[in-house]
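A.B. asks: show me the folded form of this:
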Amino acid sequence: MVRQRTTDGPRATFRQLLPHLTRQRGPLVLAVVLSILASLASLAQPLLVGLIIADVQAGKPFGSTVWFVVGLVIFSALMGAAQHYLLQRMGESVVLSTRRQLIARMLHLPIREFDVRRTGDLVSRVGADATLLRAVLTQGLVEAVGGALTFVGAIVAMAIIDWVLLAATAGVLVVAFGAVGALSGRIRRASTAAQERVGSLTAAVERAVSGVRTIRAANATAREIEEIDRESVGAYRAGLGVARASAFVVPVAGIAMQVSLLVVLGLGGLRVAEGSIGVAELVTFVLFLFMLVLPLGTFFGAISAVNQALGALGRIQEIIDLPSEGELESTSRMTADVTGIEPGSAVAFVGVSFGYDEVEVLHEVTFSAPRGRRTALVGPSGAGKSTILALIERFYEPTSGTIAIDGVDIRDIDRHDLRARIGYVEQDAPVLAGTVRDNLLIGHPSATDAECEAVLRAVNLGARFLDPGPDGSPAPGLDANVGEDGIMLSGGERQRLAIARAILARPPILLLDEATASLDGGNEALLRDAIDAASQGRTLIVIAHRLATVVDSDRIVVVDEGRIIGTGTHEELLGSTPLYRELAQHQLLA
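C.D. replies: The predicted model follows:
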C-alpha cells in the first residue's frame, strides 16, 4: 500500500544556502569579477556600434572602431569560457562538501533514526538532492551578478538615449517580474515533492535489490515490479509538477523581449520620424534593449534553479540538523544505586529500564557480568536479550538506571573509547561488500596478514580461504571477494567471519548475539573452541537459543518479558527457575 505524502516537505531558506556557497569564497569572487568584466565588455559594444553608424552617416572612417568591437567580442567570449569552467568546478566542489557534511552527520546519527528511516531515501539525499545544489552556481546565480550590472548599465544608457522608450520598456518588464514572483513559490513546493518521490523510489529499488532472492523465492517479482512502477510513476508525475511550475519562467523572458522589441521599434520609429532621436540612437537603444532583456532569462532561470535547490537543501538540512548520538544525551540523569554493583564486575546493570516508542522493553534490569568470565543471556525470543547488548554498546540510552563498565557509568565514557573496549557480533552477522581482508580490518586496521590468517584458522575458515583446493587450485586468500552483503558466503561462514573480525581487535569485552545460530554441529563445536580460546582473560557475554552453547558459562542470566527472572549456573537454574528448566527440557539438555 502506497503511503500518502504531502507536498509540504522540509524546506530551506536562502540564508541556509549561503554557507554552502561561501565555502568557495575565493573562486566565487573570481567568478563574479569575470562576470563583471564580461558585462562591461558587452555594455561597451552598443555604444561603439552607435559610433560606427554615426561615422558612416557622416562619411568618416570607422575601421579602427570595428576592430575594437571585434576585440571586445572575443574578450567577452574568453571571459565567459573561463567563468563557465570556474562555475562548473565550484558546483562540483559545493556538491562534494555538502555530501561530506551530510555523510559525516548521517553516519553519526543515533541508531534510532535508522530504525525509522528508509535506507534508500537517505541514499537519495546524498545522491540526487546534493546534485541539485550544483545548479545554483551553474545555472545562473553567479552569472546573475554580472547580468545585474549589465541590466543596470543598460537602463542608465537607455535613459540617457531616450527616457520615453525606456518608460515603455519598463512597463513590460514590471509585468514579467510579477509573473515570475507568482511562480516562484509553486516551483519550490513542486521541487520538494519531486525530491521526496525520488527518495521513495530509491528506497523501493534498494529494498527490492537487497531482497531479490527472497522476492524470487516467494514468486513476488511481479508484485515488486508493480510497486516500484507505482513509485516511478509517482516520481514522474512529481517531475511533471516541477516542469509545469517552471515551464513559464524562462519563456517569460522571451515574451518580454518580443513585446519590448515591438514596442521600441514602433514607438522608436515614430520618435525618429518626429526628429526626437536619430537612427544611430535608435539602433543603440535596441542593442541595449537586448542586453537588458537577455539577463532576465538568466535571472529567471536562476530563480527556478535556486527554488529547486532550496527544496533539495531542505531535505539535506533535515538530516544535518538532527543531533548526532554524541549530542543526543539523556535529558535527565537518573541517580542510580551503584553500591549494588558486584565487586569485580566488568559489566553491570542497575535498575535499567528502556523502551521503544513508549513501549517498555526492559523493566528494572539488574545483573552483573564478572570480569574475565563468561556470562550467558538466555530466554524466549523477544525477551530483550539483544536490547541489553545494544544498550551496552550505547546504541540507545536507558530511560532509567545505570549501566557500568568496570564500575564507571558508560555515559561518562567517550563512545569511541567505550566501543574500543567491546567486540560485538550482531545476530544477523553482517558482512560488508569487499574482500575478506576488508572485513577483518574494520575494527583493527593495523592488523598484519599473519594475524588475519591466524584468526581465520581459529574460527575454522582456514580451509575455505587459506588452503589450496583439493584439485591443487590456489587458495582464495585474504583478497577473496565476499560479494554484496557477503552473499558469496554461507550463513555459517558469515557468522564465523564476523566473529573473527571481533576477535582480531582483541577487546577486553566480547558480546556475541546468537553467534552460532547458523552453524552445524561440527562447526559449532569448533567455533566454541575458538571462542573459548579467544575469551581467555576476557569478559564474554553471549546470547544463544541453543543452551548447549551456554551450559558451561560461569553465570547464566534468564530474561523473560524484559525482566531478569533468574541468575546462576546451569545446575542451579534447573532447580530454581521453571522457565530455564522448560527451555532445557525442550532442547534435551536436562
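A.B. asks: what's the single longest helix in the chain?
C.D. replies: Scanning the chain for the helix with the most residues, using DSSP state H, yields helix 163-210.
A.B. asks: the helices in the stretch 251-400 of the chain, which residues?
C.D. replies: Here the stretch 251-400 of the chain has its helices, by DSSP state H, counting those that start in this stretch, at 279-320, 385-392.
A.B. asks: which of those helices has the lowest mean pLDDT?
C.D. replies: Note on the helices of the stretch 251-400 of the chain: helix 279-320 shows the lowest mean pLDDT, a mean of 75.
A.B. asks: quick one on the thing from earlier: which of the helices of the stretch 251-400 of the chain sits closest to Gln258?
C.D. replies: Comparing those by their distance to Gln258 (C-beta to C-beta), the top pick is helix 279-320, with 9.1 Å. To be clear about C-beta, it is placed using only N, CA and C from the backbone, and glycine gets the same treatment.
A.B. asks: so the closest one versus helix 163-210, what angle?
C.D. replies: 30 degrees (axes from the mean of the first three to the mean of the last three C-alpha atoms, to 10 degrees).
A.B. asks: for the record, mean pLDDT for the longest helix of the chain?
C.D. replies: Across helix 163-210, the average pLDDT comes to 75.
A.B. asks: ok, stretch 215-231 next?
C.D. replies: Averaged across stretch 215-231, pLDDT comes to 78.
A.B. asks: give me the buried positions along it.
C.D. replies: Buried positions in stretch 215-231, judged by neighbour count with 16 or more other C-beta atoms under 10 Å: 215, 224, 227, 231.
A.B. asks: show me what the longest helix of the chain is packed up against.
C.D. replies: Identification of packing neighbours for helix 163-210 by 3 or more C-beta pairs under 8 Å, 6 or more residues apart in numbering; DSSP states H and E yields helix 119-124, helix 141-161, helix 221-246, helix 249-274, helix 279-320.
A.B. asks: which of those sits most buried?
C.D. replies: Among the helices and strands packed on helix 163-210, helix 279-320 has the highest mean neighbour count (mean count of other C-beta atoms under 10 Å), at a mean of 22.
A.B. asks: what packs against it?
C.D. replies: Judged by 3+ C-beta pairs under 8 Å, 6+ apart, helix 279-320 is in contact with helix 14-22, helix 25-58, helix 63-106, helix 130-138, helix 141-161, helix 163-210, helix 221-246, helix 249-274.
A.B. asks: which residue is nearest the middle of this structure?
C.D. replies: Most central in the chain under C-alpha atoms, centre = their mean is Val126, positioned 3.8 Å from the mean C-alpha point.
A.B. asks: about what we covered before: the longest helix of the chain to helix 221-246, inter-axis angle?
C.D. replies: Here helix 163-210 runs at an angle of 170 degrees relative to helix 221-246 (the same axes, to 10 degrees).
A.B. asks: surely Ile499 is in contact with Leu540?
C.D. replies: No. Between Ile499 and Leu540 there is no contact under C-beta atoms under 8 Å: 11.5 Å.
A.B. asks: common neighbours of the two, please.
C.D. replies: Counting by C-beta atoms under 8 Å, 6 or more residues apart in numbering, the common neighbours of Ile499 and Leu540 are 512, 531.
A.B. asks: quick revisit: which of the helices and strands packed on helix 279-320 sits closest to Gly351?
C.D. replies: Closest to Gly351 of these, according to C-beta to C-beta: helix 63-106, at 33.5 Å.
A.B. asks: mind listing the strands for the stretch 301-450 of the chain?
C.D. replies: 345-356, 359-370, 374-378, 400-405, 408-409, 422-425 (DSSP state E, counting those that start in this stretch).
A.B. asks: which strands and helices sit next to the fifth one?
C.D. replies: Here strand 408-409 is seen to pack against no other helix or strand when contacts are counted using 3+ C-beta pairs under 8 Å, 6+ apart.
A.B. asks: please parse this structure into its domains.
C.D. replies: 14-320, 338-586 (automatic domain parsing).
A.B. asks: lowest average pLDDT across those?
C.D. replies: Lowest mean pLDDT within the domains of the chain: domain 14-320, at a mean of 75.
A.B. asks: tell me which of the helices of the stretch 251-400 of the chain lies nearest to Gly472.
C.D. replies: Checking these against Gly472 by C-beta to C-beta gives helix 385-392 as the closest, at 43.7 Å.
A.B. asks: how far off strand 400-405 does the closest one point, in degrees?
C.D. replies: For helix 385-392 against strand 400-405, the angle by the same axes, to 10 degrees is 70 degrees.
A.B. asks: list the buried residues in helix 385-392.
C.D. replies: Quick answer for helix 385-392 (16+ other C-beta under 10 Å): 385-392.
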